[in-house]
Structure formats: structure tokens, C-alpha cells
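Engineer: Fold the stuff below for me.
(4 chains)
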Protein chains: 2
Amino acid sequence: MSITENKNSPRIRRTPEESRANILSAAEDLLVEQGPQSLRLADVAKRAGVANATVLHHFGSIDAVQQALMERMIADLVENILSVEIPADAPLEVRTAGLKTLFDAFETRGAARLAAWLELTDETSRLTVVREVVQEVAQKKMGNAGVPADVAEDIILLSVTLAVGVGLFGPTLGRLIGKPPERARELTLQMLMANLERLSSDR
Amino acid sequence: MSITENKNSPRIRRTPEESRANILSAAEDLLVEQGPQSLRLADVAKRAGVANATVLHHFGSIDAVQQALMERMIADLVENILSVEIPADAPLEVRTAGLKTLFDAFETRGAARLAAWLELTDETSRLTVVREVVQEVAQKKMGNAGVPADVAEDIILLSVTLAVGVGLFGPTLGRLIGKPPERARELTLQMLMANLERLSSDR
DNA sequence: GGGGTTACTGACAAAAATGTCAATAACGGA
DNA sequence: TCCGTTATTGACATTTTTGTCAGTAACCCC
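Structural biologist: Reported below is the predicted structural model:
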């Protein structure tokens, strides 16, 4: 019945870091599959294949699990975004690649759901890192392509905001009106790319 | 302390419809202000100024309250959208007005939060009305302006998806990177309007 | 292999949230 | 004014969820 372990199997003893990671991964799965209200102590523990008390041993409370999950998902997202290496030439391809990564992160990797979760639970104060990341990307990556910093920030603000909408609601709305689920992303990316030219060149 | 009634005041006896509306309004306030996890029986009842048992008398369960709230918010949103009357001339102004209404509904009237809530709780099956509304708008309102139905539906899909992103996350992200909270909406509307021309004319 | 550290666990306790019920009291109609 | 209906309610019961604790057992080091 369980994917992992049935009873009477010998105890698994992990390092604290491994154990925490295991539990957070289970929680992340639950969050993406069933939403935040499924992040209950018993559910998370069951999914992780450990006892309730084990979760509390490592985190102290179920609230702390949720907060740690937020932090980890934010860190993962930031790392994912920053990992995109962009050569300083081919300005159009450059932005296209960045946008693809961005939209992919938000649509298939749960970042849109993370954003919605943070917003609905009023936990956006955890996002202070975002400011630094945005500035870094605006300066280092887009600055190399000759885009002024404030314009670059506008482009990022626009792109991320739209990526949230597309990642969170695009597939559902597309299906609802009888279009393929990726239609909203296609339309959005098309429009964004068509307008980067206009935005970048001052305006 | 309470905005409405302190104890020992005479009982308020409402019609069932009034009572249900009162309770749902309280729940809606809580949803917008504090998120879905605050929709607890005791909290909703307290906010509505009634006893827990009263809520259960009218709805049967706290789950039913949440579902009724979803339905009511969806109905309100649909009515709000459909109330926009568009004369058949001035095609550009037309779409601008519609977009303004749409983005306003999603940003300031809680529709974006509703969408996020539905998505996170996997309750999007409640949105089947949306299909009809979209088709109606695409045909009656945009059809009058000479836009083919499938293109009109693409435009609506795009607009609504982006409105969710902007309404849900635009203000927060804007503030986070030191821009005015309405910046994301400005940029998005600008881009959308600049592209309606291109989209409408077949492509 | 003996012993100490500590991750792990089941059983239990506490707290929180939901739901039941009988009694009360507004309101409308006879 | 009296009465029946039923919206309303406090007190209580049930269920769900979280948290505590003392004992168990892997792993490492000597």
C-alpha cells in the first residue's frame, strides 16, 4: 500500500539534514498536489514515511514545517532563476531563454502555487530576497545586453507577474474554454517577446 | 469592541436569505483579509456577529459555507463582467473599458484571490459557468466589434490569465522591488492594449 | 563488542475545530 | 392578545489535529 515502507521494516536512521529534506519534500508534494490545507501533521508524516513525532522532533511544530517549506521553495526558485547563464550577445535569444526558464519554473515547478500560497497566507514578508535577486538580474544579466536598470526592473516585474498568472491559472482557464492548456502561455510569451523590443529601447 | 453588537442586546432575527448573506459577507471579508485558512466556523460566526450554531443552522457545515461563498463570488464576478455595456463603435475604447473593468474586478474585488483559492483547493470544477460567459462575451460584445470568435476567445483567455497574475501578485511584487504597487497593472494594460490591434487583425 | 549519542517511535495527553440538541425568543398571522 | 413557526443560542458532545514523553534502536567511536 505505501510506496515506500511497510511496517516492521527496520528503522531508517537519517542524518538530521536528510530527514528534514525528506519531510519537506513530502510536504512540497502535498502542497502541489492537494493545496496548503493538506499540510497537516499526520498527512505530511505519512507521506514522508515517518511517525508524527519524527516531524515534530525535527521541526518543533507543523507551522515551522510550513515556514521551512516556504523558505526552501523560495531558495530553490531563486537558484533556478539565477542558474540561467546568458551570453552577452544575441539580445533577443537572450531574453527568450530567460523567459522560458521563468515561465517553466512558475508553471511546472510549483512556483506559481508558492506565490499564491504566500499571498493568501500573508507571508510575503519572506520574499525580501526577491529584491536583491531582481536587482542582480537587472544589472548583471540584462545590463550586459545594454538595458537600463530601471527598464530592466520593469521588464522583470512584468514578466514575473504574468508568469504567476499563467502558471497558476492558465492551464485551468484554457481547459475551461476548450483550448489547450498551454495556450495561455503561448499567447503570453508571444506578446511579451513582441514587446521587449519596444520596452527595451527606452520608450 | 465588536463593530456590530455587544452581548445582552436583543436577538436579531433575519430572514434566512438575509442571514445567509450576512454570514457569507463575513466569510468573504475574512477570505480577502486573512486568507482561506481563516474560514473557520468560530471565526466566521464571530465576524458575522452570530453564534456558531447559527452558521450551522443555515449551511449545515463549514464546508458548505465555503462552497456557497465560492459560488456567490463567482456569480458576483460574472455579473460584474457582464454588466459592462459596450457600444458597437470605437473599437479601441471598447476594449479598453472592458479591460479596465476586468483588471479592477481581479485586483480590488478579490477575484484574483478567489481564483487562487479555487486553484489551490482543486475546486475549479465550479467554474463551468465561465465557459458560457466567455463565449457570450466573445460573440455578443466582441463579435459586434468585428472580431472573429476564436480570436476573441484567445484575447479573453489572455486577458483573464494576466488579470489573475496582476491582481494576485502585482502589488506585492511591485512593492518588493521598490516600485509603486500599481506599476505591474500599468505595464500589463499598456502591453495588452498595444497588442490588441495585432491580435484582432487575424495575425 | 561495548557504550554513548540521538534519530525514531507508539501511546498518550492537550488543544482546537466541528457539530448536536434542547431551550429561548422574535415575528407574523389568527 | 395569543399562538405557531422557526431563527437563534449556550451548553455540551464528538471529531480532528497537534503536541508530549519515555522508551527503543540505529550509528559512530573507542
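Engineer: Could you measure from the closest residue to residue A:180 other than its chain neighbours over to residue B:130?
Structural biologist: Nearest non-adjacent residue to residue A:180, counting by CB to CB, 6 or more residues apart in numbering or on different chains: residue A:174, 6.2 Å away. To be clear about C-beta, it is placed using only N, CA and C from the backbone, and glycine gets the same treatment. When distance is defined by CB to CB, to the nearest Å, residue A:174 is 11 Å away from residue B:130.
Engineer: again with residue A:129
Structural biologist: 36 Å.
Engineer: In chain A, which residue is most central in space?
Structural biologist: Residue closest to the mean C-alpha point of chain A, counted by CA atoms, centre = their mean, is residue A:111 at 2.2 Å.
Engineer: Now do the same contact list for that residue.
Structural biologist: Listed by CB atoms under 8 Å, 6 or more residues apart in numbering or on different chains, the contact set of residue A:111 reads A:73, A:77, A:105, A:163, A:167.
Engineer: what separates the helix or strand hosting residue A:77 from the chain centre, distance-wise?
Structural biologist: Element membership of residue A:77, judged by DSSP states H and E, is helix A:62-82. In terms of CA atoms, centre = their mean, to the nearest Å, the centre of helix A:62-82 is set 8 Å apart from its chain centre.
Engineer: which of the residues in that helix are buried?
Structural biologist: A:62, A:65-66, A:68-70, A:72-74, A:76-78, A:81 (16 or more other CB atoms under 10 Å in any protein chain shown).
Engineer: coming back round to it: within reach of chain B, which of the contacts of residue A:111 are there?
Structural biologist: The residues of these that also fall near chain B, by CB under 8 Å from any CB of the partner chain, are residue A:163.
Engineer: Is stretch A:119-130 positioned near DNA strand D?
Structural biologist: No: against DNA strand D, stretch A:119-130 shows no contacts by CB under 7 Å from any atom of the strand, the least distance being 13.7 Å.
Engineer: gap between the two ends of that stretch?
Structural biologist: 14 Å (CA to CA, to the nearest Å).
Engineer: and that stretch, average pLDDT?
Structural biologist: Average pLDDT, stretch A:119-130: 96.
Engineer: how much does the helix ranked longest in chain A deviate in direction from helix B:149-176?
Structural biologist: When chain A is parsed with DSSP state H, its longest helix is helix A:149-176. For helix A:149-176 against helix B:149-176, the angle by axes from the mean of the first three to the mean of the last three CA atoms, to 10 degrees is 140 degrees.
Engineer: Next secondary structure after helix A:149-176?
Structural biologist: helix A:183-200.
Engineer: Tell me how chain A divides into domains.
Structural biologist: A:16-60, A:70-200 (automatic domain parsing).
Engineer: need the least confident one among the ones you listed, by mean pLDDT.
Structural biologist: domain A:70-200 (a mean of 91).
Engineer: Let me have the domains of chain A in CSV, extended by distance to DNA strand C.
Structural biologist: Formatted as CSV, the domains of chain A follow (distance: least, CB to the nearest atom of the strand, whole Å):
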stretch, distance to DNA strand C
domain A:16-60, 3
domain A:70-200, 14
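Engineer: Now render those domains as CSV, adding distance to residue B:31.
Structural biologist: Listed next are the domains of chain A as CSV, based on distance: least, CB to CB, whole Å:
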stretch, distance to residue B:31
domain A:16-60, 13
domain A:70-200, 9
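Engineer: Could you report the neighbour count for residue A:103?
Structural biologist: 23 (other CB atoms under 10 Å in any protein chain shown).
Engineer: before we move on, what SS does it have?
Structural biologist: Following DSSP: H, G, I helix; E, B strand; the rest coil, we place residue A:103 in the helix state.
Engineer: same for the one helix or strand residue A:133 maps to, what does it pack against?
Structural biologist: Assigned by DSSP H and E, residue A:133 belongs to helix A:128-136. In terms of contacts (3 or more CB pairs under 8 Å, 6 or more residues apart in numbering or on different chains; DSSP states H and E), helix A:128-136 is packed against helix A:62-82, helix A:149-176, helix B:149-176.
Engineer: Take the ones you listed and lay them out in TSV including distance to residue B:119.
Structural biologist: Converted to TSV, the helices and strands packed on helix A:128-136 look like this (distance: least, CB to CB, whole Å):
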stretch	distance to residue B:119
helix A:62-82	17
helix A:149-176	6
helix B:149-176	9
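Engineer: quick one: residue A:182 and residue A:175 touch, right?
Structural biologist: No: counting by CB atoms under 8 Å, residue A:182 sits too far from residue A:175 to count as a contact (10.5 Å).
Engineer: that older thread, in the helix holding residue A:133, which residues are buried?
Structural biologist: Along helix A:128-136, these residues count as buried under the neighbour rule (16+ other CB under 10 Å): A:130, A:133-135.
Engineer: Thank you kindly, that will do.
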